[in-house]
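Trainee: quick one, what's the 3D model for this:
(one chain, ligands or ions: 1)
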Amino acid sequence: MCGSDAYRKTGWYKYLGFAGRTKRGSADKDEEKRREGGGEKRAEMARSLSYIAPSQLISMSRNPRVAIVDVRDEERSYDAHIAGSHHYASDTFSEKIPDLLQAVKGKDTLVFHCALSKVRGPSCARMFLDYLSEMKEDAGIDKVMVLERGFNGWQASGRPVCRCTEIPCKGESL
Ligand SMILES: [Zn+2]
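Mentor: Modelled structure (predicted):
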């Protein structure tokens with residue numbers, strides 16, 4: 001089931017890409033998605049949650065449209081964090097979703113994580129997806145993902161971390 005889902009999504013992207021190029025060039029692709037009823041399809045795509053490995057996140061985070069959302073609670077303050085990540089603690093997450101949406105304006109991919117990405121990360125990501133699907137307007141978010149093994153896995157595999165105390169972290173992306 002997952003496989004056919006993925007296939008369908010790829011097919012949709014390919015179709016959009018192709019249509020964009022033939023009509024107005026690929027630079028207009030995003031705009032085109034928005035204009036031609038992309039919002040509905042986008043909401044449909046965004047409803048499914050996918051997982052991402054640290055190595056994939058390293059390359060993805062160079063994309064300025066990707067935002068990392070840390071939903072750990074107080075441990076964020078004494079552990080390090082992924083540079084440039086937003087912090088929305090899981091215990092108050094549901095009421096902060098509108099703030100988060102504001103903070104990630106212009107991003108199209110959100111990657112959630114907690115310490116292990118076992119419970120808090122995926123459940124906040126799902127809450128966020130539900131919120132998106134109930135929104136009337138298109139928030140512009142294509143993908144909601146969860147970082148596999150969370151911050152602990154990230155740090156244990158020697159990926160770079162930031163120890164600043166600024167809120168929000170202004171660290172360069174990785
Ligand atoms: Zn930082």
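
Trainee: can you tell me the SS state at the most centrally placed residue in the chain?
Mentor: For the chain, the residue nearest the mean C-alpha position is residue 110 (1.0 Å; Cα atoms, centre = their mean). Three-state call for residue 110 (DSSP: H, G, I helix; E, B strand; the rest coil): strand.

Trainee: beta partners for it?
Mentor: residue 67, residue 144 (DSSP bridges).

Trainee: which of the helices and strands in this structure ranks last by mean pLDDT?
Mentor: Counting by mean pLDDT, DSSP states H and E, the chain has its least confident helix or strand at helix 2-24, which shows a mean of 43.

Trainee: what's the burial count for the closest residue in space to residue 131 that isn't next to it in sequence?
Mentor: The shortest distance from residue 131 to any non-neighbouring residue, by Cβ to Cβ, 6 or more residues apart in numbering, is to residue 97 (5.0 Å). The C-beta positions use only the backbone N, C-alpha and C, and glycine is treated the same way. Neighbourhood size, residue 97 [other Cβ atoms under 10 Å]: 17.

Trainee: do residue 164 as well
Mentor: Neighbourhood size, residue 164 [other Cβ under 10 Å]: 12.

Trainee: and it, how close does it get to residue 144?
Mentor: As judged by Cβ to Cβ, to the nearest Å, residue 164 and residue 144 stand 26 Å apart.

Trainee: contact partners for residue 147?
Mentor: Residues near residue 147 by Cβ atoms under 8 Å, 6 or more residues apart in numbering: 51, 52, 54, 57, 68, 111, 112, 113, 117, 121, 153, 154.

Trainee: how near is it to the ion?
Mentor: With distances taken as Cβ to the ion, to the nearest Å, residue 147 is found 16 Å from the ion.

Trainee: then residue 64?
Mentor: Distance from residue 64 to the ion, counting by Cβ to the ion: 17 Å.

Trainee: which residues of this structure lie near the ion?
Mentor: 162, 164, 169, 171 (Cβ under 5 Å from the ion).

Trainee: quick one, which of these are buried?
Mentor: Buried members of these, scored by 16 or more other Cβ atoms under 10 Å, are 162, 169, 171.

Trainee: ok, back up a step: of the contacts of residue 147, which is the nearest to residue 103?
Mentor: If you rank these by distance to residue 103 using Cβ to Cβ, residue 68 comes first, at 11.6 Å.

Trainee: pull the contacting residues for the closest one.
Mentor: For residue 68, the contact set (Cβ under 8 Å, 6+ apart) comprises 57, 61, 82, 84, 85, 86, 110, 111, 113, 147.
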